[in-house]
Every structure is written in structure tokens, then in C-alpha cells.
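>>> Sharing a sequence plus its predicted fold:
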Amino acid sequence: MFLRETENSGPSQSMISLATGSPMLDEINDQFAPLMGNFSIFNFWESIRTYHNGHRFYVVEQESAAPACYDVEKCGLLATHSSMTKFEGLSDRKFMVVLEALSRYCRLSPALIQMRQQQEAESVKHRRQQAADELYQSQFQYLPNVDAGSPSYNQWSLIPRKSSTYFTGRQKHAQELRGMLGTIRRYDSRGIPKVVVIYGLGGSGKTQFCLKYAEDNKPK
């Protein structure tokens, strides 16, 4: 990069920071490199030097505009830095190169977007399944060891509070639940606890039903 010094102060700190080989520029490149796979990138650089104050120079050198370490499309344009994006018409060679690249990216983008959406959906599904598996496995950490002579009823019944004295009925549902859960044991034959989901509108009595069921089926 050409650094233009002012008459009094010389090159600014921001210009020095973006000079070729500067630590800041190297850090920017290192941070950007891992993200490049997410984008379609075409690097252009100026092929004609800019004339200013008796000097001819490249405002942005090819090494900076299109680093060799970036595996992307790249092309030099027959123009100065200022005229790179100033096209004379549809037949301008610079315009034709840029138009071809943009048109190709537009044609390929729908299939690419669909593929990435599918990949993201699969990734989300995998993360959710992994989180569910971890949550499911964590519940076995604090379960006591199973002994051959263990009784076949639940010894570890902890009911947070008593059911309401006004709660009555639901005997049919309790009987159905008892049939779903079967004999109350520490574990079933596979070492996996049985789970039943109780659902209903707010205030329909789900909590009271569970409290009452736990009281009726806890060890005597």
C-alpha cells in the first residue's frame, strides 16, 4: 500500500496499520480466513498505477487485494484504483468480468442456500438430540445401586407437598396411570425409568392429580 504523507504530520496511524506486512493486517487476515468458506469471493486488483504528485503507484498492491493464501477466484482489472468500478458501458471488459461473476453466483445461490438450510436443520436436530441424551443420562447419576435382594417397590418417595383435601375423583385416570407404569420398582428390566406425560389446560388439576397419585402409591 502506498502511504501518502501530509506536509505536517506524515502518514496517519490508520494508514500505517493497514500497510503491507503490518501486524494488524495479518491479524485481520487470520480472523477472516476461517469464515471464507461461507461466502463466494472474487478478488480484483488494479493493473494500472495511479499517478499523483509526480509518482506512479498501486494504491492497493496485488498481494494485499488478492492474497495468495486465499483459495478464491481472482482477477486483475485493466484500470487504476479509482476507475476499477467506473464502467464505460456494457461492452467494457471490466464490466463483463464483474457481470459474469455476479450472474454465476446468482444462478448457483438458490441450490447453495437450500443445501445450507438443510445442513443447519440437521445440525440443530443433532444438537437438540445430544442435549436431550445428556439430560436423560444425567438422571442416573444419583440413583442408588441395585442389589439382587432389593424390594420391588419404590423406597425413595419424596412428595413436595400434600394434595388438597378438596381434590376428589379421577379414580379412572389413576387406574389407567397405574396400568401404564406397572409395578413400582427402582428400575424396570432395562434400567430405564418409565415416564408418563400428564397434560391439560391450566387449572384442570394436573398437579393435584400427581400429588394424590404419589400419596396413594408411596411405600406404607
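Looks like it arrived, so ask away.
>>> Residue 179 is in what secondary structure piece?
With secondary structure defined by DSSP states H and E, residue 179 is part of helix 171-181.
>>> neighbouring contacts of the helix or strand following that helix?
The element immediately downstream of helix 171-181 (helix or strand, assigned by DSSP H and E) is helix 206-217. When contacts are defined by CB atoms under 8 Å, 6 or more residues apart in numbering, helix 206-217 is touched by residues 154, 157, 159-164, 167, 170, 173-174, 177-178, 184, 198-200. C-beta coordinates here come from the backbone N, C-alpha and C atoms, glycine included.
>>> go with 7 Å
157, 159, 161-164, 167, 170, 173-174, 177, 184, 198, 200 (CB atoms under 7 Å, 6 or more residues apart in numbering).
>>> Reformat those residues as a markdown table; add pLDDT.
Below are those laid out as a markdown table (pLDDT from 0 to 100):
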| residue | pLDDT |
| --- | --- |
| 157 | 67 |
| 159 | 77 |
| 161 | 80 |
| 162 | 80 |
| 163 | 79 |
| 164 | 79 |
| 167 | 75 |
| 170 | 82 |
| 173 | 87 |
| 174 | 87 |
| 177 | 86 |
| 184 | 60 |
| 198 | 84 |
| 200 | 80 |
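>>> ChimeraX command to pick out the buried ones of these?
This is the ChimeraX syntax for the buried subset of those, where burial follows 16 or more other CB atoms under 10 Å:
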select :163,177
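>>> Pull up the gap between the residue of the chain most remote from its centre and residue 79, please.
When distances are taken from the C-alpha mean of the chain, residue 54 lies farthest, 52.2 Å away, according to CA atoms, centre = their mean. Using CB to CB, to the nearest Å, residue 54 is found at 21 Å from residue 79.
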